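**Student:** Have a look; sequence and predicted model below, questions after that.
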Amino acid sequence: MNKKLFEPPVIKRMHTGMPGKNGTSGIIEPISHIDNNSVSTLISLFGSPLFVLSEKTIRETCRKAVDTFQSRYPKVQFGWSYKTNYLDAVCQVFHQEGSWAEVVSGFEYDKAIRNGVDGREIIFNGPDKSEEDLIKAANNHSYIHIDHFDELYTLIRLAENIEVKPRVAIRINMETGLFPKWDRFGFNYENGEALEAVRKILASGKLDLVGLHTHIGTYVTSTSAYRIAAEKMAAFAMEIQGKFDKRILYLDMGGGFASLNTLKGAYHNAADTTPGFDQYAEAITGPLIRAGFDPDNMPLLILETGRALIDDAGFLVGTVLATKRLADGRKAMILDFGVNLLFTAFWYDHMIHPVREMTGTTEDAVVYGPLCMNIDMIRDQMKLPLFQKDDHVVVSRTGAYNMTQWLQFITLRPNVIMIGMDGKPNLIRKAETLDSLVQNEITPDHLLP
Amino acid sequence: MSIHIKSGLRISDQGLVFDPSTGESFTLNPTGLILLRLMIGCNDENEIFRILNQDYELSRLEFDRYLLDFLAVLKSMQILENEA
């Protein structure tokens, strides 16, 4: 006689009261395959934990975003936000899809050049550009987005000794109804600071003002904020043209589009609140179309959205190290990755999927990472299937920011693979080793063993 | 280890548990229901394992692990009266 499988026994306290608007269902669909590759096989080949990227999803998402904007506005250019994920393979996919590079540091700038991006197709943002960075970017005809007056005056001074006239834009912060207001970046629109910056640039005669840039926030779900920003950007471009007879060639609306990850503390699931590309596009392009620009010389619309283009393409695969019971009776699960690799766990309630089919029984649990640090918590509460030691798990929507903000802390960073358009896995970043980790360390002679 | 489940619990065939002394209710999954009923009728874990092992694919190590965890939850819910 075949014996039955014994599921771990579970008892749960019943809570009275009304269920939330999303009901009480906690069924989490398993993810057994990613782009037709068995997750278990990927782990046996590349180890656990493991980041998996889908080239197909990146390309499809990118094309959808580009098509959505191009169908509403005649001149659109995307710039791939390097800080969101600057693994070379990822950047190259975006560049192949026609994206320029949008960088925010000298290191990122050099990475874009190393990736073969023409300097004319690099947008250089951020408050930290060294004089060496500025000279290099100017000589490469890159678009330098000036963040503050100190940078503006530095660039005017440097331009004396640069043969080419640096191509610049100013970053503008403004009131769009969002809180917190991102006034730490750029020049303020409402108090006239941005206009003053334009006046200084034009009066210097040393810089070529070609564009205006704004970036109103991050994970912005309010499309009305983008509409307000687009209206103000268009109005400012028209004002500059009227006052100084200077035509603005492009308006860079930055990024900040939300992804389908749910923010911690959010009442609604992100699927119910995150606008689609079409809604963002409608909010941004409408005011530009109606602004009164010469129809034959509409400014180029640049977008630097990162998160919304890559989040869905990333998966973090891992293994259950242990399950345990906390002193107050709550279930806890320890995974072989934590906030060191899943940095976005600090602000998202990430979805953790089983790899194998599991019964519908769930239990409220806390999910911890492997670090010997109390902060290493991926979920403070989640209805989980009855995971057991050595089970595999998949965290979906991890493509944005994790492979740039991850920490080499206590453990080494793992392999990253990209499943290509042919369905085959390619190793795109090797796991760190003790040797690779210590290669930059120098031990003084008297401390050598 | 001997196991003492609180007396007076009302347990339905569907796995609903009512504790009349506190007014609290609980739900069990099917294996939780079987195990709790066995524990009420028998406080010897070796005997409980023997009975379960007749019908279920279950090693002694797995049983020990599950029992340890289940007892910890029962204790936190004040269903386990006494554990020695």
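**Tutor:** Okay, I see it.
**Student:** could you pull out the strands for the stretch 51-200 of chain A?
**Tutor:** Ranges of strands in the stretch 51-200 of chain A, per DSSP state E, counting those that start in this stretch, are A:76-81, A:100-103, A:122-124, A:143-146, A:167-173, A:187-188.
**Student:** repeat for chain B
**Tutor:** B:3-5, B:10-11, B:16-19, B:24-28, B:56-57, B:80-83 (DSSP state E).
**Student:** Show me where the stretch 301-449 of chain A has its helices.
**Tutor:** Applying DSSP state H, counting those that start in this stretch to the stretch 301-449 of chain A gives helices spanning A:307-310, A:402-405, A:434-438.
**Student:** ok, now chain B?
**Tutor:** Counting by DSSP state H, chain B has helices at residues B:30-41, B:45-55, B:60-76.
**Student:** Quick one, which of these gets closest to residue A:196.
**Tutor:** Closest approach to residue A:196 among the helices of chain B (CB to CB): helix B:60-76, 64.2 Å. Just so you know, the C-beta spots here come from the backbone N, C-alpha and C atoms, and that holds for glycine as well.
**Student:** How about that closest one and chain A, any contact?
**Tutor:** Yes - using CB under 8 Å from any CB of the partner chain, helix B:60-76 reaches chain A at B:62, B:66, B:69, B:70, B:72, B:73, B:74, B:75, B:76.
**Student:** Counting neighbours, which of the residues you listed end up buried?
**Tutor:** Buried by 16 or more other CB atoms under 10 Å in any protein chain shown: B:66, B:69, B:70, B:72, B:73, B:74, B:76, out of these.
**Student:** residue contacts, the fifth one?
**Tutor:** Applying CB atoms under 8 Å, 6 or more residues apart in numbering or on different chains, we find residue B:73 in contact with A:10, A:11, A:325, A:329.
**Student:** By proximity to chain A, which residue of chain B wins?
**Tutor:** residue B:76 (2.5 Å; CB to the nearest CB).
**Student:** And the residue nearest to that residue when sequence neighbours are not counted, how close does it get to residue A:322?
**Tutor:** Excluding its sequence neighbours, the residue lying closest to residue B:76 (CB to CB, 6 or more residues apart in numbering or on different chains) is residue A:329, at 2.5 Å. Computed as CB to CB, to the nearest Å, the residue A:329 to residue A:322 distance reads 17 Å.
**Student:** Please apply the same query to residue A:395.
**Tutor:** 18 Å.
**Student:** Between these two, which is the more surrounded one?
**Tutor:** Relative neighbour count places residue A:395 above the other of residue A:395 and residue A:322, with 28 against 14, counting by other CB atoms under 10 Å in any protein chain shown.
**Student:** and chain B, which residues reach chain A?
**Tutor:** Where chain B comes near chain A, counting by CB under 8 Å from any CB, the residues are B:17, B:24-32, B:34-36, B:52, B:55-58, B:62, B:66, B:69-70, B:72-77, B:79.
**Student:** Give me the below-cutoff pLDDT ranges for chain B.
**Tutor:** Applying pLDDT under 70 to chain B flags the ranges B:1, B:82-84.
**Student:** now do 90
**Tutor:** B:1-7, B:21-23, B:41-43, B:76, B:78, B:80-84 (pLDDT under 90).
**Student:** Closest to the centroid, which residue in it?
**Tutor:** residue B:36 (2.7 Å; CA atoms, centre = their mean).
**Student:** Name the nearest residue to it, ignoring sequence neighbours.
**Tutor:** Residue B:36's closest residue in space is residue B:28 (CB to CB, 6+ apart), at 6.1 Å.
**Student:** Looks like the one you found contacts residue A:13 (just checking).
**Tutor:** No - checked against CB atoms under 8 Å, the pair residue B:28 and residue A:13 is beyond contact range at 11.3 Å.
**Student:** higher neighbour count, those two?
**Tutor:** Ranked by neighbour count (other CB under 10 Å), residue B:28 and residue A:13 place residue B:28 first, with 23 against 14.
**Student:** does the more buried one have beta-bridge partners, and which?
**Tutor:** residue A:11 (DSSP bridges).
**Student:** Spit out the contact partners of it.
**Tutor:** Neighbouring residues of residue B:28 by CB under 8 Å, 6+ apart: A:9, A:10, A:11, B:11, B:15, B:16, B:17, B:36.
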